[in-house]
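J.: This is the structure alone, sequence omitted:
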């Protein structure tokens, strides 16, 4: 089967040996030793080429996620096992939490995985290849307070995870990082952390509000959508984290049309051509001509017609139980799903470790793994970093366009 290249996961390399790195307490301050004339000294991470202006890439920020979950561990595993995939990336989070994770993933081998504290994002571009560069983006536990225990919902863990996302969003909005990749957070812990974190059901809504505030517009004028993708299937959701009853109420002509516009614009940039968008119906058999519901007739079909009038290659509505198979066979580039589980179940069935969540409509690139905090695995060192590596690879490709 031919597979889409946009979502091909990054290839993992051999485990790092730690040779040549400093100990876990290493710090990489900004700047470097004198190199003669200040004007001749390359900036951190810049490559000087003969006859060319020096090239200054921006790093990618990976938020650590909930420290009680697998986020720090999958990050540590990615840095240990896939040096090429995570080059030019750093962790926005808590140094102590990443050092704890590094000790766990080194396991019985005893090969150290050093964690290097950096002072600014650009320092990550010059970090030793076998270290995990971490920027202390959250307030560390105060006094003698320990890190949150693994596998438990806590306000402390929710606050630390939320702070890291706030920091990364603001850094992306001011152009300090090329993209952000968010490790999983726990929505109950986020709510337990209180204001301002309890206002947000998850990453998507938090990032949407930050972007709207940065641009000085109401949140309603910063519409975003979730796309879940792997190397076989992409699906974009009309609604995200709401109850099924509310999701059905949000299947309106305006919301479906807005989803089509956002998906079209994002995939034109990602694919380099106009995408073929299939639209799933809400009801069984896409309503069967109104016998099983009239949302397709009253809302979905009119939205498709208007989108086609705007030059968007939208087709449907199609029966939800078959349209995803047709997209997997490359008949379509993406499927517009009417609600969360309708769109996510098909992608996750193909393999959670291969899926990537992309937020469409933001003024910066954001991706994340296609799984949660996995409290049952936290602290064991057995979590799989494949989805994080896929998210990092996709963020890199999208940021380069």
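T.: Thanks, I have it. Predicted, not measured: the structure shown is a model, and the values here were computed from it. Numbers count the residues shown, from 1 in each chain.
J.: can we go C-alpha only for contacts and neighbour counts from here?
T.: OK.
J.: those helices in this structure, which residues are they?
T.: Secondary structure of the chain (DSSP state H): helices at 71-81, 95-106, 155-173, 187-192, 203-215, 244-249, 253-271, 295, 301-309, 320-328, 340-349, 386-399.
J.: For residue 375, find the nearest of those helices.
T.: Evaluated over these, closeness to residue 375 peaks at helix 71-81, with 10.0 Å, by CA to CA.
J.: returning to what we had before: looking at the helices of the chain, which is nearest to residue 63?
T.: Comparing the helices of the chain by CA to CA, helix 155-173 comes nearest, at 5.7 Å.
J.: who touches the closest one?
T.: 61, 63-68, 92-94, 137-139, 148, 177-180, 182, 185-194, 197, 203, 206-207, 210-211, 214, 363-364 (CA atoms under 8 Å, 6 or more residues apart in numbering).
J.: repeat that for 6 Å
T.: Helix 155-173 is contacted from outside by 63, 65-67, 92-93, 137-138, 148, 189-190, 192-193, using CA atoms under 6 Å, 6 or more residues apart in numbering.
J.: ok and that helix relative to helix 71-81, angle-wise?
T.: Counting by axes from the mean of the first three to the mean of the last three CA atoms, to 10 degrees, helix 155-173 lies at 60 degrees to helix 71-81.
J.: how about the contacts of helix 155-173 in a markdown table, adding distance to residue 289, pLDDT and neighbour count?
T.: Shown next, in a markdown table, are the contacts of helix 155-173 (distance: CA to CA, whole Å; pLDDT from 0 to 100; neighbours: other CA atoms under 10 Å):
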| residue | distance to residue 289 | pLDDT | neighbour count |
| --- | --- | --- | --- |
| 63 | 47 | 98 | 33 |
| 65 | 45 | 96 | 30 |
| 66 | 46 | 97 | 34 |
| 67 | 50 | 96 | 34 |
| 92 | 51 | 98 | 29 |
| 93 | 52 | 97 | 31 |
| 137 | 54 | 96 | 23 |
| 138 | 54 | 95 | 19 |
| 148 | 54 | 93 | 20 |
| 189 | 44 | 95 | 24 |
| 190 | 43 | 94 | 29 |
| 192 | 46 | 96 | 18 |
| 193 | 48 | 94 | 20 |
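J.: And the furthest pair within these?
T.: 92 and 192 (21.4 Å).
J.: most packed of the helices of the chain?
T.: Among those, helix 71-81 has the highest mean neighbour count (mean count of other CA atoms under 10 Å), at a mean of 27.
J.: Can you name every helix or strand that it contacts?
T.: helix 95-106 (3 or more CA pairs under 6 Å, 6 or more residues apart in numbering; DSSP states H and E).
J.: picking that back up, closest one to residue 57 among the helices of the chain?
T.: Using CA to CA, the helices of the chain put helix 386-399 closest to residue 57, at 10.6 Å.
J.: State the mean pLDDT of that closest one.
T.: When pLDDT is averaged along helix 386-399, the result is 92.
J.: what does stretch 365-376 give?
T.: If you average the pLDDT values across stretch 365-376, you get 93.
J.: how long is that stretch end to end?
T.: 30 Å (CA to CA, to the nearest Å).
J.: Flag the shaky bits of the stretch 1-150 of the chain, pLDDT-wise.
T.: 1-56, 107-110, 143-145 (pLDDT under 70).
J.: Throw the helices of the chain into CSV and include distance to residue 133, thanks.
T.: Formatted as CSV, the helices of the chain follow (distance: least, CA to CA, whole Å):
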stretch, distance to residue 133
helix 71-81, 9
helix 95-106, 9
helix 155-173, 15
helix 187-192, 25
helix 203-215, 23
helix 244-249, 41
helix 253-271, 29
helix 295, 50
helix 301-309, 45
helix 320-328, 38
helix 340-349, 31
helix 386-399, 15
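J.: Kindly check the end-to-end length of stretch 165-182 for me.
T.: Span of stretch 165-182 from end to end, CA to CA: 7 Å.
J.: typo on my end, stretch 289-309
T.: So stretch 289-309: terminal residues 23 Å apart, CA to CA.
J.: So which residues make contact with it?
T.: By CA under 6 Å, 6+ apart, stretch 289-309 touches 252, 253, 257, 287, 314.
J.: Likewise for stretch 178-194?
T.: 58-66, 71, 153-155, 158-159, 197-198, 365-368, 372-373.
J.: Nearest to residue 130 among the contacts of helix 155-173?
T.: For those, the nearest to residue 130 is residue 92 (17.6 Å; CA to CA).
J.: The closest one and residue 63 touch, don't they?
T.: Yes. Judged on CA atoms under 6 Å, residue 92 makes contact with residue 63 at a distance of 4.8 Å.
J.: So for residue 277, which of the helices of the chain sits nearest?
T.: helix 253-271 (7.8 Å).
J.: got the angle for the closest one vs helix 386-399?
T.: If you take the same axes, to 10 degrees, helix 253-271 sits at 80 degrees to helix 386-399.
J.: going forward can the numbers begin at 17, since that is how I track them
T.: With 17 as the first residue, the last one maps to helix 269-287.
J.: Which residues outside helix 269-287 are in contact with it?
T.: Applying CA under 6 Å, 6+ apart, the set of residues contacting helix 269-287 is 254, 290, 315, 316, 319.
J.: Dump the residues you listed into TSV; add distance to residue 134 as well.
T.: Output for the contacts of helix 269-287, formatted as TSV (distance: CA to CA, whole Å):
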residue	distance to residue 134
254	39
290	41
315	51
316	50
319	49
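J.: and the gap between the nearest residue to residue 153 once chain neighbours are set aside and residue 309?
T.: Distances taken as CA to CA, 6 or more residues apart in numbering place residue 109 nearest to residue 153, at 4.9 Å, with adjacent residues excluded. To residue 309, residue 109 is 47 Å away according to CA to CA.
J.: Residue 148 too?
T.: 53 Å.
J.: Having no further points to raise, I will conclude here.
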